[in-house]
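Student: Quick one, structure for this:
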Amino acid sequence: MRGFADWVRGVALTLGAPGLYLVAFLDSSFLSLPEITDLLVVWMVTRNHDALAFYVIAATLGSLTGCLLMYFIGRNSAR
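Tutor: So this is what the prediction gives:
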């Protein structure tokens with residue numbers, strides 16, 4: 001699992017905010033990546049203070065989208 005977490009971190013850091021969105025989406029939907037999103041936000045903000053709001057919004061929207069996906073899957077399977 002450690003190798004996968006390192007790969008995810010590398011992808012997120014390479015892609016920037018879209019990568020952060022992707023990690024937050026995966027964390028809130030199909031994969032459990034505990035604390036990786038939080039650590040990535042902190043890491044990315046320390047490297048680029050001006051993009052703080054952009055990174056936080058990307059992580060929030062990714063998490064929200066992942067949660068909504070799981071909600072709609074659960075809702076449709078209950079019918």
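Student: Chain neighbours aside, what residue packs nearest to the spatially most central residue of the chain?
Tutor: With distances taken as CA atoms, centre = their mean, the residue of the chain nearest its centroid is A24 (1.5 Å). Leaving out its chain neighbours, the residue that sits closest to A24 by CB to CB, 6 or more residues apart in numbering is G62, at 3.0 Å. Glycine gets a C-beta too; all of them are placed from N, C-alpha and C.
Student: wait, the one you found sits on Y21?
Tutor: Yes - shown here, G62 and Y21 form a contact pair, counting by CB atoms under 8 Å, at 3.8 Å.
Student: by contact count, what packs against the worst-scoring helix or strand of the chain on mean pLDDT?
Tutor: Every helix and strand of the chain was ranked by mean pLDDT, DSSP states H and E. The lowest is helix 2-15, at a mean of 81. Applying 3 or more CB pairs under 8 Å, 6 or more residues apart in numbering; DSSP states H and E, one finds that helix 2-15 makes contact with helix 17-28, helix 36-47.
Student: Quick one: mean pLDDT over the last one.
Tutor: By that I understand helix 36-47. Helix 36-47 carries an average pLDDT of 90.
Student: for the next helix or strand after it, which positions count as buried?
Tutor: Counting by DSSP states H and E, the next helix or strand C-terminal to helix 36-47 is helix 52-77. Neighbour-count burial for helix 52-77 flags 55, 58-59, 62-63, 66 (criterion: 16 or more other CB atoms under 10 Å).
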